[in-house]
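Asks: fold the following, please.
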Amino acid sequence: MRTSKKRITSLFVIILTVSFLTGCANTEPELTAPKFEIPAEPKSFEDMLENPNSVVYWAWKKSADQIIKNTTSKAEFTIEVGPKTIADNTNPAGGINLASRLYLDFEKQIPTKFVYFERKDVDWAQAQVNKFYGSAIQDWQKREASKMCPSEIQCRGASAMTSFDKKSALVILSSSDWGKQTKNNTEGPIEAHEYTHIIQDSQQGKYLGNLPRWQFEGEATFAQNAAIYFDNYEKYLEARESVIGTLVYTVKPDVEWLTEFISPKGGYTYGGAAWDKYDGARIYDVGMAITEVLTALAGPSSTMQLSQLVGEGLSYEKAFTKIYGVEWDKGVSMIAQILVKVFNP
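Replies: The predicted structure is shown next:
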C-alpha cells in the first residue's frame, strides 16, 4: 500500500478537470534497458513460430515506442469519488492518459466520467449508472454497482459503458481496503484497461460486440500493463506473470485447445455463448497472449484497427486478413502453435 501519498476523497465534487493533455504529471523516465540479448524483430507469424522468445518483448517494445512517440493524450475525462469513499488510486489520470497515447490514432475524445465508490456508496454509484442510461437502462444494468461490490470483502472490479450515440461514456470503479494494496488498483492498470474499452467501443459503433470476447478483454488486459509499464520491461513481465500464471502452470493449453478457443465452432461474437464453457479468466489471459502475438507482429494499432474495420462493416475474419496478410484459419493455426511455444519456453 502506498501510505506516503494523500488519498483522494470527495463529497460529490469533480476533482479533476476535463482534457488532460500530458500523459504523466512528472517527467517520464528513460526506458530501462533489458538485461538480455534482444531477439530479432518478427516480420511474420513464421518468424514467431521459429523464435517464440521474440513475442513478449516485441509486443512490449512496439507499444512503448508508440507511447513515447505520442507525447500527449487526447483523453477528455472527469473524476468523481463517492461521498464516503476513499479511491484506491491517487493518480487516476496517469493510466487513462497512457492508454490514450497507446491508441492515439483511434482516440475520438468521448467525454468520460470515472466514478469511484466503496461498498458504502453502492447506491450512489448505481444512481450514476441509472442517470447515464436514463429510460434506456436494461434490468441487468440496474444492478451494475451491487454486482461489482456485493460486500466489503468482495468489492472489486470496474465496468465501462458508452452511450448509444457514442457521445459520452461512464466508468465505475470499486474501491476497498483490498484494492488499496494491489498494484492493479493503485498504479493505473485498471484505469488503462477500462479506457481501452471506451476506445474500442468508439470504433465498433453499431457493430459493438461483433468481435471475439477474448479480443475485447484480451486487448484491454494487454494495454493495462503495456501502457503503465511502458518504461520498464521487467515490471511489464511481472505484471504479465500475475495475469497469465494460472493459465501457463495449471491449464497448460495445447494447440487443439487454443485453436478451439480462438475460433470456436459455435461462433465467436461477443454476445455468443461460445466461451461460457471456459473459466471466465480465460478471455483475459489467453486474450492477452493472443494480443501479444498480434502486437509483436504489427504493433498495438493493428489490434485496435480490428475494431475499426469491424465498425465499418467488415467481418472479423476479413479484417484480420486485411491487417495481417493471412487467411483467418491459417492465422488461428499459427497463433495457437506460437502460443504453445511461448507458454513452454
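Asks: quick one: Ser168 from Tyr133, how far?
Replies: Here the criterion is CB to CB, to the nearest Å. By it, Ser168 lies 11 Å from Tyr133. (Each C-beta comes from the backbone N, C-alpha and C, glycine too.)
Asks: this structure: strands as residue ranges?
Replies: Listed in chain order, the strands of the chain (DSSP state E) span 14-16, 77-81, 112-117, 158-162, 169-174.
Asks: quick check, pLDDT for the most centrally placed residue in the chain.
Replies: For the chain, Ala220 is the residue whose C-alpha lies nearest the centre (CA atoms, centre = their mean; 1.5 Å). Listed pLDDT for Ala220 reads 98.
Asks: ok, it touching Thr196?
Replies: Yes. With contact defined as CB atoms under 8 Å, Ala220 counts as touching Thr196 (4.2 Å).
Asks: surely Leu314 touches Phe320?
Replies: No. Applying CB under 8 Å as the test, Leu314 and Phe320 come out as separate, 9.5 Å apart.
Asks: looking at those two now, which is surrounded by more residues?
Replies: Ranked by neighbour count (other CB atoms under 10 Å), Leu314 and Phe320 place Phe320 first, with 22 against 17.
Asks: any idea how far that one lies from Gly94?
Replies: 32 Å.
Asks: ditto for Tyr249
Replies: 31 Å.
Asks: the two: who's more crowded?
Replies: Neighbour count, other CB under 10 Å: between Tyr249 and Gly94, Gly94 has more, with 22 against 9.
Asks: residues touching Asn344, list them.
Replies: Under the criterion of CB atoms under 8 Å, 6 or more residues apart in numbering, Asn344 has no neighbours.
Asks: same check, this time on Asp201
Replies: Applying CB under 8 Å, 6+ apart, we find Asp201 in contact with Ala160, Thr162, Lys166, Ala169, Leu208.
Asks: the second one: how many residues sit nearby?
Replies: It refers to Thr162. The tally of other residues near Thr162 (other CB under 10 Å) stands at 22.
Asks: contact partners for it?
Replies: Ile110, Ser168, Ala169, Ile198, Asp201, Ser202.
Asks: measure the fifth one to Ser100 for me?
Replies: Yep, that's Asp201 we're talking about. Distance from Asp201 to Ser100, by CB to CB: 14 Å.
Asks: before we move on, what about Arg213?
Replies: 24 Å.
Asks: between those two, which one's more packed in?
Replies: Of the pair Arg213 and Ser100, Ser100 is the one with more neighbours under other CB under 10 Å, namely 29 against 24.
Asks: now do the more buried one, the pLDDT please.
Replies: Looking at Ser100, the pLDDT reads 98.
Asks: isn't it right next to Ala75, touching?
Replies: Yes. Contact criterion CB under 8 Å: Ser100 and Ala75 qualify, at 4.0 Å.
Asks: okay, now the closest residue to Arg143 other than its chain neighbours: neighbour count?
Replies: Using CB to CB, 6 or more residues apart in numbering and skipping residues adjacent in sequence, the residue nearest Arg143 is Gln126, 7.7 Å away. A total of 21 residues lie near Gln126 under the criterion other CB under 10 Å.
Asks: with Ile38 instead?
Replies: Counted with other CB under 10 Å, Ile38 comes out at 13.
Asks: right, and it touches Tyr57 too?
Replies: Yes. With contact defined as CB under 8 Å, Ile38 reaches Tyr57; the gap is 6.7 Å.
Asks: so for stretch 83-91, what gets flagged as buried?
Replies: Thr85, Ile86, Ala87, Asp88, Asn89, Thr90, Asn91 (16 or more other CB atoms under 10 Å).
Asks: using CSV, list the CA coordinates for that stretch.
Replies: The C-alpha coordinates for stretch 83-91 follow below in CSV (Å, rounded to 0.1, in the frame of the first residue of the first chain):
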residue,chain,number,x,y,z
PRO,A,83,-19.2,11.0,-0.6
LYS,A,84,-18.0,8.2,1.8
THR,A,85,-15.3,6.7,-0.5
ILE,A,86,-11.5,6.8,-0.5
ALA,A,87,-10.4,6.0,-4.0
ASP,A,88,-7.7,3.3,-4.5
ASN,A,89,-5.7,5.3,-7.0
THR,A,90,-4.2,8.7,-6.1
ASN,A,91,-3.3,9.4,-9.7
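Asks: pLDDT of that stretch, averaged?
Replies: pLDDT averaged over stretch 83-91 gives 96.
Asks: try stretch 168-187
Replies: 96.
Asks: between its first and last residues, how far does it reach?
Replies: This stretch, stretch 168-187, spans 25 Å end to end (CA to CA, to the nearest Å).
Asks: the strands of the chain: which one's closest to Lys341?
Replies: strand 158-162 (33.0 Å; CB to CB).
Asks: pull the CA atoms of that closest one into PDB?
Replies: Taking C-alpha atoms only, strand 158-162 is exported to PDB below (Å, rounded to 0.1, in the frame of the first residue of the first chain):
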ATOM      1  CA  ALA A 158     -14.800  -2.000 -12.800                       C
ATOM      2  CA  SER A 159     -17.100  -1.500 -15.700                       C
ATOM      3  CA  ALA A 160     -17.000   0.800 -18.800                       C
ATOM      4  CA  MET A 161     -20.100   1.900 -20.700                       C
ATOM      5  CA  THR A 162     -20.700   4.200 -23.700                       C
END
